[in-house]
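Q: quick one: sequence plus predicted model below, questions after.
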Amino acid sequence: MRNFKEEESLNTLNHSCAHVMAQAVKHLYPQAKFWVGPVVEEGFYYDIDLGDVTITDDDLPKIEKEMKKICKDGKRIVRREVSKEEALEMFKDDEYKLDLISNLEDGSISVYSQGDFTDLCRGPHMDTVKKCRFHKLIKHSGAYWKGDKNNKVLQRIYGVCFPTKEELDEHLEALEEAKQRDHRKLGRELGIFMFADLVGRGLPMWLPNGFIVRRLLSDYITDKEISLGYQHVMTPSLGNVNLYKTSGHWAHYKDDMFPAMEVEDEAYVLRPMNCPHHMMIYRNSLHSYRDLPVRLAEIANDFRFEASGALTGIERTRAFTQNDSHIFCRPDQIKEEFKGVAKLILDVYKDFGFENYSFRLSLRDKNDTEKYFGNDELWERSEAELREVLNEMGVDYYEAEGEAAFYGPKLDVQVRSAIGHDVTLSTIQLDYQLPERFELTYVDRDGQKVRPVVIHRAILGSLDRFVAFLLEETKGNLPLWLAPTQVKVVPVNPDLHDDYSQEVNSLLLANGIRSSVDNRDEKLGYRIREAQVKKIPFQLVMGDKEKENGTVTYRRFGERKQTTVTQEEFLTLLKEEIKNKTIK
RNA sequence: GCCGAUUUAGCUCAGUAGGUAGAGCGCAACAAUGGUAAUGUUGAGGUCAUCAGUUCGAUUCUGGUAAUCGGCACCA
């Protein structure tokens, strides 16, 4: 997928196309007032105030038609520099432009004109609107002015523009293809998960195939954690409201939790995260500085009352399972522990063959003292610490203000879903606040009780979201070790070859391979097709040849090549590939 | 939650300019004895999301509700 923001020539072209769209909108809706029209990774958009009018699906073709007309007319795009005073006068009836101009420096203001349309803009632009003719309006939506939900909802229209028709068509095709690997589609087709209105929205149910994948993933990460000195615990899925008042989560996220259940003068909530429970486990015993770090981990069910509009398959749900851990350590251990976690993340991503991810250093928004309360010095210190470790490790990362947790800065690992959502898969968070709130201590070298630091981390993040991403990355073609069915044994003639098929199947099952026989009364071609459609890694076709020689003939998913080997050779091949977690 | 759209069989979708519905796949039965991506025939399966309104009559028109989808906002 092309990146419109990063590719400079595409960026300029799309920026100009945004102006063409604005001009078209102005022609069709004379009352239109324009906020901003930037180029983003997936194309351009423009935020527009149309008064009481809202854009519907039927409007996009009309706007496109007008855009075509404008492009065909082929007016030149002309830049003019204006003084701030002049700009304020030019746009005196447009409160949006006045708002923009008021934040600009005199001497740095320019406007661009094309025919009857002039817009405040820094540029640069194409020399003529003619170059914008290969465009497509992709979608539209309401968008809060300045991203604030208390503000008016503007109409946002998204589009893309390319220098050639071929590139445009190619892009539109790629968008269509991406829908084919949407985890919601694959999840249904492969029997991974389901939803039901009667159960409730955002509450996924894992089907037999899905549960196999989940179980393997949690075993995988649990084993890895054990080898790295983590200790696993299990804590209840609900907790007293006071627990969350103590942690501070109640004040911040009360409205995003399922409402409290009142029983016998007490109030409980379904837990939205596991930190407070783990804090209490740490506090359950005395800790020496020698015993740190203490790494508590849990495969934990959590519940969040996510906004209805935020729910997306198993990418964002109201009931999910975190691969969570809290590392309690001394200040002098922070760097090493942090590095250890970052290394684990890289290690795990390598195992799964993930390559399209980026590290985001999530910092506080200094102006938002309501969310990011607490001591400035601690914030500065912890942000600096994370930055330092990242620089030492030499990993690429970008910084994002206002993305920190309320208790501390984070390193988030961001991935892009098939349909283009930028989501966090893994996270490492540095926290000085919860130890304070829960009055955690350890006994230091000099016998004094001092505060530990907590590193929160999730590697697979939520198993749910991880599976969503895994399905999309693999197009549902899971590696052998994770495939719900690993081998499908297909007798050529179910009457003649079922015995031998059963014999081989039993051998596979006895060796822990997830295998089954398709001895249905269907044509061979039909059963082979089904094994392919279900993306089963190995299919064995069993006929006279195999039966006589005691061999198997296998074909890997997606390949045409057939290979005949002995039963033992096949078993060894499978075992090796499973052990090595081979990625296709 | 906000803006827009969608909702017809298990899945993917037609359709009715108001007279209670179809296809393909899937499923079941029967026939067909098969060598690497769909054998044939027959059949079952739908309060047309839901609740109201208009109407002699609503799956179709109007409104409410719910869920889903695309964004926005949110994301401990």
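A: Noted; the coordinates are in hand.
Q: in the stretch 451-584 of chain A, which spans are strands?
A: Assigned strands in the stretch 451-584 of chain A, in chain order: A:453-462, A:487-491, A:515-517, A:538-542, A:551-556, A:563-566 (criterion: DSSP state E, counting those that start in this stretch).
Q: for RNA strand B, which of these is the nearest?
A: strand A:538-542 (3.1 Å; C-beta to the nearest atom of the strand). Yep, even glycine has a C-beta here, placed from its N, CA and C like the rest.
Q: tell me if the closest one is near RNA strand B.
A: Yes - applying C-beta under 7 Å from any atom of the strand, one finds strand A:538-542 touching RNA strand B at A:539, A:541-542.
Q: over to stretch A:486-502?
A: Yes - Stretch A:486-502 lies within reach of RNA strand B by C-beta under 7 Å from any atom of the strand, at A:492-496.
Q: what's the farthest-apart pair in those?
A: A:V492 and A:D495 (10.1 Å; C-beta to C-beta).
Q: and the residue of the stretch 351-500 of chain A that's closest to RNA strand B?
A: Of all residues in the stretch 351-500 of chain A, A:N493 sits closest to RNA strand B, at 2.8 Å by C-beta to the nearest atom of the strand.
Q: give me the pLDDT for that residue.
A: Per-residue pLDDT puts A:N493 at 93.
Q: so what's the residue count around it?
A: 12 (other C-beta atoms under 10 Å).
Q: need the contact list for it.
A: Counting by C-beta atoms under 8 Å, 6 or more residues apart in numbering, A:N493 touches A:G543.
Q: where does the residue of the stretch 1-150 of chain A found nearest RNA strand B sit: helix, strand or coil?
A: Residue of the stretch 1-150 of chain A nearest RNA strand B, by C-beta to the nearest atom of the strand: A:G142 (2.6 Å). Per DSSP: H, G, I helix; E, B strand; the rest coil, the secondary structure class of A:G142 is strand.
Q: what residues are bridge-paired with it?
A: Note on A:G142: beta-bridge partners by DSSP bridges are A:Q155.
Q: now do the same contact list for it.
A: A:54, A:153-156.
Q: swap in 10 Å and give it another go.
A: For A:G142, the contacting residues are A:47, A:54-55, A:152-156, by C-beta atoms under 10 Å, 6 or more residues apart in numbering.
Q: how about A:L311: what's its closest non-neighbour residue?
A: Ranked by C-beta to C-beta, 6 or more residues apart in numbering and with sequence neighbours excluded, the top spatial neighbour of A:L311 is A:G202, at 4.4 Å.
Q: could you check how many residues crowd around that neighbour?
A: For A:G202, using other C-beta under 10 Å, the count is 22.
Q: one more: A:M234?
A: For A:M234, the neighbour count with other C-beta under 10 Å is 8.
Q: got it, and A:R271?
A: Using other C-beta under 10 Å, A:R271 has 24 other residues around it.
Q: tell me the SS of the residue nearest to it when sequence neighbours are not counted?
A: Distance criterion C-beta to C-beta, 6+ apart; nearest residue to A:R271, sequence neighbours excluded, is A:G239 at 5.2 Å. What three-state DSSP gives for A:G239 is strand.
Q: just to revisit the earlier point, quick one: the residue of the stretch 1-150 of chain A closest to RNA strand B from A:Y158, how far?
A: According to C-beta to C-beta, to the nearest Å, A:G142 and A:Y158 sit 12 Å apart.
Q: same question for A:H249.
A: From A:H249 to A:Y158 the distance is 35 Å (C-beta to C-beta).
Q: over to A:R330?
A: From A:R330 across to A:Y158, the span is 49 Å (C-beta to C-beta).
Q: show me where the stretch 251-400 of chain A has its helices.
A: With DSSP state H, counting those that start in this stretch, the ranges of helices along the stretch 251-400 of chain A come out as A:275-283, A:334-352, A:376-393.
Q: got the residues of the stretch 301-450 of chain A near RNA strand B?
A: Counting by C-beta under 7 Å from any atom of the strand, the residues of the stretch 301-450 of chain A close to RNA strand B are A:304-313, A:316, A:371, A:405-406, A:419-421, A:424, A:427, A:429.
Q: filter those to the buried ones?
A: For those, a burial check counting by 16 or more other C-beta atoms under 10 Å picks out A:304-306, A:311-313, A:316, A:405-406, A:419, A:424, A:427, A:429.
Q: confidence-wise, which of those comes last?
A: A:I419 (89).
Q: contacts only, for that residue.
A: With contact taken as C-beta under 10 Å, 6+ apart, A:I419 is in contact with A:175, A:178-179, A:181-184, A:312-313, A:315, A:472.
Q: also A:V533?
A: A:V533 touches A:189-190, counting by C-beta under 10 Å, 6+ apart.
Q: picking up where we left off before, the residue nearest to A:R271 touches A:M261, doesn't it?
A: No - applying C-beta atoms under 10 Å as the test, A:G239 and A:M261 come out as separate, 11.1 Å apart.
Q: which neighbours do the two share?
A: Counting by C-beta under 10 Å, 6+ apart, the residues touching both A:G239 and A:M261 are A:268-270.
Q: what is the nearest of the residues you listed to A:E86?
A: Of all the shared contacts of A:G239 and A:M261, A:E86 sits closest to A:V269, with 57.9 Å by C-beta to C-beta.
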